[in-house]
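Student: Pasted the sequence and its predicted model underneath.
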Amino acid sequence: MTERPAPPEDAAALVRLRLLRLLGDERFHPGELVGSERALAERFGVSRSLLRQAVDRLEDEGRVRRATGRTGGVFAHDGKVQRHLNTTMGVPEMVRRQGMRVATTVLRAELGVPGPDERRALRLGEGEQVVRVVRLRRVDDVPWSLDRSVLPARRYPGLLQHDLTESLYATLTARYGLELDRADETVEAVPATAEQARLLQVPAGAALLAIRRTAHDVDGAAVEHALDFFRADRTRVHLQKLGANWKRVARRERGG
């Protein structure tokens, strides 16, 4: 008696199980590349369309994520967003490279007088003003971070007239000729205030990751001072040591 082929939906379910077994047997960590769709389809001896059906199911379950482009593929996933340190890449691009959707709401954008810490960080003189931008970011429709950037107003005239929902670094590069060199960042776990909890949709006192950053251009001038708050339950911090090739890597990121 000839065995009948499995219906398409059953075949996709079998490939899903094989993918789950691969994730477990090979101990893939969240954020780690499992393989391209082409490579996985060849490994399992199935068509790419069938492989995609199985990946779709695992993506709906939050077990993998898929990213397209040069750095794309199928990645192990646990629902968290990987926040890279030691990079000048903008947050929207960082999130999209992980195969997720990001949306930004500008909560406040205004000219103001710098506080003492902001004046020191940006090396401002007496009487100089700053531009303050506060934004809420959602990833896959769920609140993820509260970002506060403070910038020297004299360096970025008319900044408030530009679209601030996309990458601030991309805007500063395209509109003001900024050449970023490095971003010095520190990370600290802090409890959410009542206002932060309301905006990020977490309980008051829930753990947040506070990342304080001062960015510098290629001439060593401080060009941004920022304090961002990320939901700890949705964030993984990744640090890559770049060594002596920092400028080359930073420029490559800006061009990627």
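Tutor: Alright, I've got the coordinates. Numbers count the residues shown, from 1 in each chain.

Student: just checking, L178 touches D217?
Tutor: Yes - counting by CB atoms under 8 Å, L178 does reach D217; the two are 6.1 Å apart. Every C-beta, even on glycine, is put in place using the N, C-alpha and C of the backbone.

Student: Can you work out which residues contact both of these two?
Tutor: Listed contacts common to L178 and D217 are V223; contacts here mean CB atoms under 8 Å, 6 or more residues apart in numbering.

Student: more neighbours, those two?
Tutor: Higher neighbour count among L178 and D217: L178, with 23 against 18, using other CB atoms under 10 Å.

Student: Let me see the contact set for the more buried one.
Tutor: Counted by CB under 8 Å, 6+ apart, L178 has contacts 169, 172, 217, 223.

Student: My reading is that the last one lies in a strand. Confirm?
Tutor: Looking back up the chat, that one is V223. Yes - V223: assigned to a strand according to DSSP: H, G, I helix; E, B strand; the rest coil.

Student: so who does it touch?
Tutor: V223 touches 151-152, 155, 172, 178, 180, 215-217, counting by CB under 8 Å, 6+ apart.

Student: Distance of it relative to D217?
Tutor: As for V223, its distance to D217 is 5 Å (criterion: CB to CB, to the nearest Å).

Student: anything in contact with each of those two?
Tutor: By CB under 8 Å, 6+ apart, the residues touching both V223 and D217 are 178, 180.

Student: Show me where the stretch 151-256 of the chain dips below the pLDDT cut-off.
Tutor: The stretch 151-256 of the chain contains residues with pLDDT under 70 at 240-256.

Student: Which residue ranges of it form strands?
Tutor: 180-191, 207-217, 222-231, 235-239 (DSSP state E, counting those that start in this stretch).

Student: same check, this time on the stretch 1-150 of the chain
Tutor: 33-35, 64-67, 73-76, 81-85, 102-112, 130-139, 142-152.

Student: Could you dump these into TSV and include mean neighbour count?
Tutor: Shown next, in TSV, are those (neighbours: other CB atoms under 10 Å):
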stretch	mean neighbour count
strand 33-35	17
strand 64-67	20
strand 73-76	21
strand 81-85	19
strand 102-112	14
strand 130-139	20
strand 142-152	21
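
Student: G79 is in contact with E61, isn't it?
Tutor: No - using CB under 8 Å, G79 makes no contact with E61, being 10.2 Å away.

Student: More neighbours: those two, which one.
Tutor: Between G79 and E61, G79 has the larger neighbour count (other CB under 10 Å), namely 14 against 11.

Student: May I ask you to confirm that F28 is in contact with L20?
Tutor: No - using CB under 8 Å, F28 is not in contact with L20; the gap is 10.8 Å.

Student: for this protein, longest helix please?
Tutor: helix 8-25 (DSSP state H).

Student: Show me which parts of it are buried, residue by residue.
Tutor: 11-12, 15-16, 18-20, 22-23 (16 or more other CB atoms under 10 Å).

Student: Max pairwise distance over the contacts of L178: which two?
Tutor: Within those, Y169 and D217 form the most distant pair, 11.0 Å apart (CB to CB).

Student: intersection of neighbour lists for these two?
Tutor: Contacts common to Y169 and D217, judged by CB under 8 Å, 6+ apart, are 178, 180.

Student: what's the longest helix of the chain packed up against?
Tutor: strand 33-35, helix 37-44, helix 48-60 (3 or more CB pairs under 8 Å, 6 or more residues apart in numbering; DSSP states H and E).

Student: Using CSV, write out every CA atom in it.
Tutor: Extracted C-alpha coordinates of helix 8-25, given in CSV (Å, rounded to 0.1, in the frame of the first residue of the first chain):
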residue,chain,number,x,y,z
PRO,A,8,0.3,20.8,3.4
GLU,A,9,-0.9,21.9,6.9
ASP,A,10,0.5,18.7,8.5
ALA,A,11,3.7,19.0,6.6
ALA,A,12,4.2,22.6,7.9
ALA,A,13,3.5,21.3,11.4
LEU,A,14,6.2,18.6,11.0
VAL,A,15,8.7,21.2,9.9
ARG,A,16,7.7,23.4,12.8
LEU,A,17,8.5,20.5,15.2
ARG,A,18,11.9,20.0,13.5
LEU,A,19,12.7,23.7,13.9
LEU,A,20,11.8,23.5,17.6
ARG,A,21,14.0,20.5,18.0
LEU,A,22,16.9,22.3,16.3
LEU,A,23,16.4,25.3,18.6
GLY,A,24,16.6,23.0,21.7
ASP,A,25,19.3,20.6,20.6
